[in-house]
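*Asks:* Please work out how this folds:
(chains A, B and C)
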Amino acid sequence: MGTVITFWALAVASVVAALAVVFLRDVFRAALFLLASFIAVAGIFLLLSADFLAAIQVLIYVGAIGVLIVFAIMLTREVKRGNPWGRMRFLAAIAGALLLVTIVLAVVNTAGWPGGTPPPPQATTEPLAMRLFDLETGFVLPFEIASVLLLAAVIGAIVLVRER
Amino acid sequence: MILKRLLDWLAGYWPEWAAYVVVGLVGIMVLIAFFLTMIMVVIWLERKLIGRFQVRWGPNRAGPWGILQPIADAIKVLTKEDIVPDRADKWVHLLAPVVAFVPPLLIFAVIPFQPDAILADLNIGILYVVAVGSIAVVGAFMAGWGSSNKYSLISAMRVAAQMVSYEVPLVLSIIGVILVVGSLSMMDIVNRQSLPFFLMQPLGFLVFFLAAAAEVNRSPFDLLEAESEIIAGYHVEYSGMKFALFYLGEYGHALAASALVTALFLGGGKFPWGALPPSFIWFLAKMVLVFCVLFWIRSTLPRLRVDQFTGFAWKFLFPMSLINIFLVGTELWWAKEMGWSLFPWPFLFLNWAIAGMLVLVWPKLFQLGVGRVEV
Amino acid sequence: MALRTESILVNMGPHHPSTHGVFRMRFIFDGEVIVDMEPVFGYLHRGIEKLAEGRTYAQNIPFTDRLDYLSSMTNNLAYVLAVEKLAGIPVPERAEYLRVIMSELMRICNHLLAVGFLLNELGAFFTPLMYMFREREKVLDLFEMVCGQRLTYNYMRLGGVSHDIPPEFLPAAKKFVREMPGRIDEYERLLSENEILLFRTKGVGILPREQAINASASGPVLRASGVRWDIRRADPYSIYDRLDFDIPTGEVGDTYDRYMVRIKEMRQSTRILEQALEQLPGGSVCTRVPQLVRPPAGEAYGHIEAPKGELGFYLVSDGSVAPYRFKIRSPSFINLTALRDMVRGWKLADAVVIFGSIDIVLGEVDR
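*Replies:* Numbering: from 1, shown residues only, chains lettered A, B, ... in the order given. As a prediction, the model looks like this:
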């Protein structure tokens, strides 16, 4: 009962916040709603006993990405008025809807939606690490490649803004 | 533990979810009461101690030794007029103090005062703390932006710089601890410290302490509200209770940071010679001690400039935390290879030697008198 | 930075914790970097120069107290020197000594505050300032003994000083002079080697030698830039030619040098005080001067090395009881003219510190 109430509260909150992000003209408020949406999604992760994922969601999305977005907004002009309506908005809406449908279909069709599976492990951190870094079945190589890519991006950014 | 018993008792009469809600509310109430009392105590202590540091008396009018001063302050602040700037973003301005105030409170839910005095011993305890702590910054952002004041705006930009810079060494310095403990739970971390971790990982302790001080805006990292530069920074346009919320939130965050230092590096409620008094007393004592060190630094050191501030994070704390991880990882691997179950003593001296050397040598890389930009 | 953001205009002041009164700096910032700065003053303008033309020479002494209210004694001195020059009033030797003693006490007092507020602007949360206040209190006690006032002394008179010192003054002053070097050592131990202080001040806000001279800067600001110019030596007044002291100078003219020159000057002041208190002769402290001094028509410029720099009074007399023209050359105002060049390119936080290192008092800037 409690879980259900919480789930619906979080789900509605996250969807409403996400809609606010799209429809608000004031970019700063939109960014704040984006953060709210992230937090609500973290709450849903918690309900699914994915506590590690929830914490990471807050840490990375709210703490780092959200902050960067807000920072970027502060450096832009005419925040209150937001972007003018573009001529491409119908095309954008159609493309967005198509993408949504594709994703939803893909998720619905591929995930098995098993019901009544055994409850997820109590501590998710360790199994997650095992799954990620296991030498035979894990994802060590992709992980390392991603980190090298990020490193390259960081160095590139430094080179770009370096003085002189 | 008491809460658990209350839960079992209530569940006998009420539906389970109602019992959960009631017990949860009781826990929250206890936490808030504790939090506010603690803040009042440390505010009084800070004013008194800083007074002594500054060769003066500190508060001594309200009650014996000025002990009622925080209450007098609270009454004053509550009765002040609430002023909202005309051009402020009203909703953002209103919500900002709340967003800034709640996260420190949330952190206290996982602080292990004593094995049976922890509101929630989460599996991801320490990660939760870091995640929640990062939300507090959003409050500062909202205040800085919503006030429609240029000082606030500058402060909000500094918040972003601080957040992006200091979160990194903060998290990385915790990894050293997690490597040894093998768990993210705060209780496990405290239980593993037969030897407090600050002895074992001086470098990690140093980095964590400094990064935490920066996260909670204590000097010399108090750039967000640098009085001599941007007056009060993001909360310059706040008055009355909203200002009080910021003030409480800030002290609460500092208190949470010292509680974390205690739990992660000072052995929590453990005491070297048995445990005569209950361990939460030791925990509180250590926590207040760490907080006093923050006062001490505050009343001693000047403030860094904003580029030095970020430079310190990236050029000093960040490499130090990486070295710490590398050091601890290597030692753990070595200990495992050799089949030692306990952390061997020679490593302790090695770590202190390396930490001392780095702290002495590394700052030589910094240059004096730089920072001018051609305009 | 290759990436330029839109610059913002920030009005710092007139009400701001670090503008030392009501001073306004219009900054144009690029991020936190200062692109341009325009000082705006006049918020404390009281028209003293004009007011003084309607009052007698003796009545104008209290006005000078209100110029640089943190060093009233030296303001008095500069003014009475100018009038004495104009009217040819002799001063007894004991009064000369007392004037020097008070001036040097005032200098210590002023430099204490200058250093204390500089540290405050660096963000040291009042602690250095409180230490400085501890010593300043003792000086103020001394002043209270001789003239009953703690801020606006009105102590110097045409032809001497208003009161002779009470018997308890000498022991107290000697005790202060004995203690002071130890106190300065204490400050130096706490501050001069502090890493953050070094990082914030070394090389920051450099005022090159040539520029300092061109800007007509004076006092510690000029000496920090390496110019050996001190009116106590260059154009000795009172009895400074009988006293032995050095003129501390800086090398680069950065904020740290300005800080250091002030610290060293405090040491020199204690040296001067030692000698002056030792040599203090007996006799009268004021020559008899008529209530209404009527100097012959003419002009005179009396200047002294005030704590903040060259403080000069240019007086023109038309033979009446009031000055025809009363012009103040105030060190704060003129030192301030170099500020724009010093702060450009530095950051917001540096601007506050550089501004603090010039050490101004708005009462003197706006007059």
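
*Asks:* what about the closest residue to chain B within chain A, distance to chain C?
*Replies:* Scanning chain A for proximity to chain B using CB to the nearest CB identifies A:G63 as nearest, at 3.1 Å. All C-beta atoms are positioned from the backbone trio N, CA, C, and that covers glycine. Taking CB to the nearest CB, to the nearest Å as the measure, A:G63 falls 23 Å from chain C.

*Asks:* can you check B:F35 too?
*Replies:* From B:F35 to chain C the distance is 25 Å (CB to the nearest CB).

*Asks:* that's a helix at that residue, yeah?
*Replies:* Yes: with DSSP: H, G, I helix; E, B strand; the rest coil as the criterion, B:F35 is part of a helix.

*Asks:* Can you give me every residue that contacts the residue of chain A closest to chain B?
*Replies:* Going by CB atoms under 8 Å, 6 or more residues apart in numbering or on different chains, A:G63 touches B:130-131, B:134-135, B:137, B:163, B:167.

*Asks:* Then C:H15?
*Replies:* Going by CB under 8 Å, 6+ apart, C:H15 touches C:V22.

*Asks:* swap in C:R325?
*Replies:* Residues near C:R325 by CB under 8 Å, 6+ apart: C:53, C:299, C:314-316.

*Asks:* ok, 7 Å please
*Replies:* C:315-316 (CB atoms under 7 Å, 6 or more residues apart in numbering or on different chains).

*Asks:* Can you tell me which of the contacts of A:G63 end up in helices?
*Replies:* The helices, defined by DSSP state H, take in B:130-131, B:134-135, B:137, B:163, B:167 from the contacts of A:G63.

*Asks:* circling back: any of the contacts of A:G63 buried? List them.
*Replies:* For the contacts of A:G63, a burial check counting by 16 or more other CB atoms under 10 Å in any protein chain shown picks out B:130-131, B:134-135, B:137, B:163, B:167.

*Asks:* Which single one of those is nearest to B:F34?
*Replies:* In terms of CB to CB, no member of the buried ones among the contacts of A:G63 lies closer to B:F34 than B:I135, at 20.7 Å.

*Asks:* The closest one is in contact with A:V62, isn't it?
*Replies:* Yes: with contact defined as CB atoms under 7 Å, B:I135 counts as touching A:V62 (5.9 Å).

*Asks:* Off-centre distance for stretch C:37-53?
*Replies:* Put simply, stretch C:37-53 sits 18 Å off its chain's centre (CA atoms, centre = their mean, to the nearest Å).

*Asks:* Convert it to CSV, retaining C-alpha atoms only.
*Replies:* Extracted C-alpha coordinates of stretch C:37-53, given in CSV (Å, rounded to 0.1, in the frame of the first residue of the first chain):
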residue,chain,number,x,y,z
MET,C,37,36.5,50.5,-12.8
GLU,C,38,35.3,54.0,-12.2
PRO,C,39,35.5,55.5,-8.7
VAL,C,40,32.5,57.7,-7.7
PHE,C,41,33.0,59.8,-4.7
GLY,C,42,31.3,62.8,-3.1
TYR,C,43,28.8,61.0,-0.8
LEU,C,44,30.5,62.5,2.2
HIS,C,45,31.1,65.9,0.9
ARG,C,46,30.6,68.5,3.6
GLY,C,47,32.2,71.5,2.0
ILE,C,48,34.8,71.9,4.7
GLU,C,49,37.1,73.9,2.4
LYS,C,50,34.3,76.5,1.9
LEU,C,51,33.0,76.4,5.4
ALA,C,52,36.5,77.1,6.7
GLU,C,53,36.6,80.4,4.8
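
*Asks:* So it, near chain B or not?
*Replies:* No: legend: contact between stretch C:37-53 and chain B by CB under 7 Å from any CB of the partner chain is lacking; minimum distance shown is 10.5 Å.

*Asks:* Alright, that wraps it up for me.
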